[in-house]
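Chemist: predicted structure and sequence below. I'll ask about it afterward.
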Amino acid sequence: MRRRTVLATALAATLGSGALAGLTACSSSGKSNVIAPTPSPVPAATIKQPPVPAPPSSTSCPSGFSSRVLWPTANVPSAITAVHEHYLAGTAEINDDLLPETNGLRPVVVDLNGPTTWAVLLDEDGELITKEVELKDSPATSRLDPFGTSDDSASPTPGLPYTALSAGPAVIDGTHAYLVVAAVDYAYPGETIRGSMNFPVSLVKVNLTNGALEASTTISEGLPIKDVIVPTSSRRPGGGLRSGLYLSLSPDRTGLLLSADPSSDSYDAQPLGLRLSTEDLSVELDVLADVPILGPFDLYGEAVRINSSATSVISLADGQEVSIEAAEPFFAWNGWLYYYGAPTRSVNNSCYAREMATGQTIALDVTDSYFNGSTVSYAIGSSYHVPGIFSDQRQLLFTDGPFYYFDPPSSTTGAPGWDKSRPAPQAACVFGDVLYTVPAAGADTTADVELTSVTTGEPLGEVAGVGIDWPIAATAWGLACGGSFYPATAWLN
C-alpha cells in the first residue's frame, strides 16, 4: 500500500469541514469527483427482453439464463456496480429530449421487475434528485469520455460551462441503494479532465421501492478522479477494485464502510476512513480524525493501520484494534483481515485470515501446483480487490493467475472441486451453494458459464448463449455481466 505521513490535527480539520458534514445536497457550483465504471455497450441484438418468469424464491439458484438482456432496455453504454435480488445499481447513458442537460452516463437504480430505471440527476438549481427515465438507443455519433460524460450534447448550451453528474461504487441492502456520485464541472464542452484533478464526492441513499432520494452527504471536498474510477466493465481479469476508494456494508449491515487513499501526486487530497449510518448517512466513526496519526499509515479496505510500524489495525466496522503481531496486512473484506505471516512479502511467506470482531485466525492454503508448488501469497497481495459488482456474496475470490476461493472459516483451501492445475476462470461469483465461473480463454468447452456445488465440488451444469462480460454477480433473478443483466430461466431444485 502507499504510505504517507499526515498530522492528525490537519486531518481532523480538513475532514471536519466537508467530509463529515451532515445531510447535504450536491450543487452544480461545487466540483465533484467521479467514480464511474468504464462502460461497455450492449449489443443491439440482445435488448428488449420480453417478460420472464419470477424465481421460485429469493434464494433459488439459477441454472439457466436467457440469451437476451433484461437490462439495459436500450442499446446504451452501461455498467453494473451492485445487485441484490431484483434490484441493481450502476450507470447508463440517459437520452432525455425534455431534459437535454441530463444526457450522458448517469447514476441509476433499477427494479428489474418491469424493469424500471431511476436516474440520479441534478435539477435546475443544482440539487440532487431522482427521476424515472426510459432508456433510448444511443445516437450513432455518441462519444463517451473515460469519466462517464458524453459529448457536447450533454451541455444545454454548446460552448458554455456545464456540470456532468457521474456514478461510482454502490452497495444495496434489503431496502435501499447507496451510491457514490459526483458532479464534475466543465469549463466548456469536451474539456479534458486530468486524472489528478480533485472533485468533491457525495454519497446518496435511494429507496428501492419508489426510487426516492432519501438522503445525501458530502464525504470529501476533493479526491483525484483517477483514484476513484472503478473499471468494472473493462474485461480485466477478476474485474475487481483497483481504485483508491472502497465502499461496502458492515458485517451487521447497519453501516457503510468507506475508505479512500488518494494518489501521492495529489497533495491537497485527504484520505478517508469512515463508517456511516445506513439510516441517515451520518458519520459514526472517522478513524483518521478520531485516532492520533503517529506516522505513515496504510488503508486496507475495511481497516486502517495508523502507523506503518504498528502491530495492530483499526476496524472501520467498530473502531476496535486488531492485533497483527509482526505481520503484513494486505486487505480487509467482509469482517476478515487478510495478511502475510511476516512483514516482508515473499513467495515463501504464509498467509492468514483473522476475523476482526473475534480474533479467530485461520491459515490459508496458498500452495498451488499452478505455481510449481511454491506459495503465492505475494501474487494474492499484489492483486487485492473486492468483487467488481457488490452483491450478497461473502466469499473472497481471486482470478488473477491461480484461482483462489476464500470463505473463512468454512473454506481455506481454494474453490470446491477445482483442479488447481487448471487455469483460473476469467470471472467467478457465488450465489447460495453455487459457484458460477466463466471458463478461461481457450478452454475446451462451449459453455459461457459453468456451475459447481460449493458444498460438494460436483459440477451442476453449463450455460451457453450468454454474452459474457465481467465482472459477474448472481441473484435468484439472473446474472449481472459487466453492464448487462441476463434473466434466469431455470433454477436448481
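Modeler: Right, received. Where do you want to start? Numbering: from 1, shown residues only.

Chemist: can you report phi and psi for residue 287?
Modeler: In terms of degrees, to the nearest 10, the main-chain angles of residue 287 are phi -60, psi -40.

Chemist: once you drop chain neighbours, what's closest to it?
Modeler: residue 273 (3.8 Å; C-beta to C-beta, 6 or more residues apart in numbering). From N, CA and C alone the C-beta is placed, and that goes for glycine too.

Chemist: can you name every helix or strand that the helix or strand harbouring the one you found contacts?
Modeler: In this assignment (DSSP states H and E), residue 273 forms part of strand 272-277. Judged by 3 or more C-beta pairs under 8 Å, 6 or more residues apart in numbering; DSSP states H and E, the packing partners of strand 272-277 are strand 213-224, strand 255-260, strand 283-286, helix 287-290.

Chemist: just the ones you listed: most buried one?
Modeler: Mean neighbours per residue, mean count of other C-beta atoms under 10 Å, is largest over the helices and strands packed on strand 272-277 for strand 255-260, with a mean of 25.

Chemist: pairing partners for it, with directions?
Modeler: Strand 255-260 pairs in its sheet with strand 245-249 (antiparallel), strand 272-277 (antiparallel), by DSSP bridges.

Chemist: looking at these, which is nearest to residue 487?
Modeler: strand 245-249 (25.2 Å; C-beta to C-beta).

Chemist: the closest one vs strand 213-224, what angle?
Modeler: Angle, strand 245-249 to strand 213-224, by axes from the mean of the first three to the mean of the last three C-alpha atoms, to 10 degrees: 150 degrees.

Chemist: can you give me the helices in the protein?
Modeler: Here the chain has its helices, by DSSP state H, at 8-17, 287-290, 377-381.

Chemist: comparing those by mean pLDDT, which bottoms out?
Modeler: Here the lowest mean pLDDT among the helices of the chain goes to helix 8-17, at a mean of 33.

Chemist: so how many other residues sit close to residue 423?
Modeler: Neighbour count of residue 423, defined by other C-beta atoms under 10 Å: 15.

Chemist: swap that for residue 493, please
Modeler: 6.

Chemist: go on, residue 123?
Modeler: 14.

Chemist: and the closest residue to it other than its chain neighbours, how far is that from residue 165?
Modeler: Leaving out its chain neighbours, the residue that sits closest to residue 123 by C-beta to C-beta, 6+ apart is residue 129, at 4.9 Å. Separation of residue 129 from residue 165 (C-beta to C-beta, to the nearest Å): 10 Å.

Chemist: ok, now residue 460?
Modeler: Taken as C-beta to C-beta, the span from residue 460 to residue 165 is 42 Å.

Chemist: ok, these two, which is more surrounded?
Modeler: Taking neighbours as other C-beta under 10 Å, residue 460 and residue 165 compare with residue 165 leading, 28 against 18.

Chemist: let me know the pLDDT of that one.
Modeler: For residue 165, the model assigns a pLDDT of 73.

Chemist: which strand residues bridge it?
Modeler: For residue 165, the beta-bridge assignment (DSSP bridges) gives partners residue 183.

Chemist: hang on, it packs against residue 105?
Modeler: No: counting by C-beta atoms under 8 Å, residue 165 does not reach residue 105; the two are 9.0 Å apart.

Chemist: right, and the residue nearest to residue 123 touches residue 119 too?
Modeler: No: assessed by C-beta under 8 Å, residue 129 is found out of contact with residue 119, at 9.1 Å.

Chemist: neighbour count for the two, which is higher?
Modeler: Taking other C-beta under 10 Å, residue 129 and residue 119 do not tie; residue 119 has more neighbours (24 against 16).

Chemist: dump the residue contacts of the more buried one.
Modeler: Residue 119 makes contact with 92, 94, 102, 106, 107, 108, 130, 131, 132, 133 under the criterion C-beta atoms under 8 Å, 6 or more residues apart in numbering.

Chemist: alright, calling it a day.
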